[in-house]
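Student: Return a 3D structure for these sequence lines:
(2 chains)
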Amino acid sequence: MNMRLKLAMAIIPLGIIIAAVPENTTRPYKLTAPQLLDEVKEGIQFVSTDEVADMLIQKDPSLQLIDVRDKDSYDKFHLPGAINIPLADLLSVENEDYLNQDVKMNVFYSNGTTSSNEAWMITRQLGYINNYVMQGGLNHYAETIMNPSAPASTSPDDEFARYDFRKGASAALGGGNLNAAAEDAPSAPKPTIKKRAKKKRVAGGC
Amino acid sequence: MGPLIVYEYISENTNLLMAFIIGIAFGFVLERSGFSSSRKLAGMFYGYDTTVLKVFFTAAIVAMLGLLFFSLFGWIDLSLIYINPTFLWSAIVGGAIMGAGFILGGFCPGTAFCALSIGKLDALTFIGGLVIGVVIFTEGFPLWEELFYAENMGTPTINNLLGLSRGAFGLILILAAFGMFFIGEWAERKFPREEY
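Tutor: Numbers count the residues shown, from 1 in each chain, chains lettered A, B, ... in the order given. A predicted model of the protein is given here:
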């Protein structure tokens, strides 16, 4: 039997197999479950509403708020400067440049913490960095920043300091009433992240 | 797990070392398969020797199968593999120039260095021409810049353009390769060269 036939007998069946099986499109997870558990236990992904409000007032350019609720909720109300990446679209290719970057501090938020935490966990497992979760979500934001309640008169001083900050933040961010804020809030500006080159690739040639 | 460099399993320097070793192996195999003879490459055009077609197409389909199976097993992430961007006119014009150079000179850049290393003077001439070509291209770049960047198609793959899955296109390519081997050997019988 000549070489040609032997080669054909090896390669053509392999070709038929590869044509018949579906493509492997799964993305590899880069963090193992124990590594992720460690991060979850420490809760390092959380950013408090006070920190977010502070960065918003300072117009910190490194802050990128990401609304993971659906588009209707986003259109109804969103925090100033937030972009909308619904949880369902988290893995779409056009969002990868926002999520997988090392320039900005992405803060996910949803009404509570569940959806934003899910978004964080998925992106973290893909090995992305700089993604965070606003603790307590919009509900907590409304309670603490938009409509802060005065602490009891017996509270320690730093409680009052925090209350003063929140009152100030509330005024600066058009608080008092969420619906009014929705009208005043500027629509999200076009995100300023430059389209970054895709992940480094292996170059080759003849 | 792959590609190794992108995931930083190996460092940039280890990568260069591996490239060096693979390069030596590549040159050795080229030489041993007779590619340092300019008649081999020219023979492809005149039809009396289609070794080039057979060797490189076999290499291509084996590598393709390897990558597809690696991807299937999750050993390599194909989305991280570099794909040369396609500039259609550059590809056509460059391909024509390179093809003409193959026939005239009887070497491809790789085999020219291979032949030079065993002391072939025609290869030295060829490399001289290669250097002159590089100088003309770079110095005259403004003249053909427009043509060079024309019709940027990004990084399409043929299976995407045809709307096929990678595997189905792979099978077609394998069958096409064996068909071409068959035609190549027919051509070798049809246009034999006695003196070769």
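Student: Look through chain B and tell me its longest helix.
Tutor: What stands out as the longest helix in chain B, according to DSSP state H, is helix B:166-190.
Student: what comes into contact with it?
Tutor: Residues outside helix B:166-190 that contact it (C-beta atoms under 8 Å, 6 or more residues apart in numbering or on different chains) are A:4, A:8, A:11-12, A:15-16, A:18-21, A:23, B:47-50, B:53-54, B:57-58, B:60-61, B:64-65, B:68, B:78, B:157-159, B:162, B:164. In short, each C-beta sits where N, CA and C put it, glycine included.
Student: Helices of chain B, residue ranges please.
Tutor: Going by DSSP H, chain B shows helices at B:12-32, B:38-46, B:51-72, B:88-105, B:109-117, B:121-139, B:141-149, B:158-162, B:166-190.
Student: low-confidence ranges in chain B?
Tutor: B:1-2, B:5-8, B:194-196 (pLDDT under 70).
Student: Residue numbers of it in contact with chain A?
Tutor: B:1, B:3, B:5-6, B:58, B:61-62, B:65, B:68-69, B:71-74, B:77, B:80-82, B:84, B:108-110, B:165-168, B:170-171, B:174-175, B:178, B:181 (C-beta under 8 Å from any C-beta of the partner chain).
Student: Would you agree B:Leu88 is in contact with B:Met153?
Tutor: Yes - using C-beta atoms under 8 Å, B:Leu88 is in contact with B:Met153, at 5.9 Å.
Student: tell me, what residue is most central in chain B?
Tutor: B:Phe56 (7.3 Å; C-alpha atoms, centre = their mean).
Student: And chain A, by the same measure?
Tutor: Note: chain A centre (C-alpha atoms, centre = their mean) maps to A:Phe108, 3.9 Å.
Student: ok now do it, which residues does it touch?
Tutor: Applying C-beta under 8 Å, 6+ apart, the residues near A:Phe108 are A:Ile66, A:Val68, A:Ser115, A:Ser116, A:Asn117, A:Ala119, A:Trp120, A:Asn131, A:Tyr132, A:Val133, A:Met134.
Student: Name the nearest of these relative to chain B.
Tutor: Taking C-beta to the nearest C-beta as the measure, chain B lies nearest A:Asn131 of these, at 19.9 Å.
Student: for the closest one, phi and psi?
Tutor: phi -110, psi 140 (degrees, to the nearest 10).
Student: dump the residue contacts of it.
Tutor: A:Asn131 sits in contact with A:Gln45, A:Leu99, A:Asn106, A:Phe108, A:Ala119, A:Trp120, A:Thr123, A:Arg124, where contact means C-beta under 8 Å, 6+ apart.
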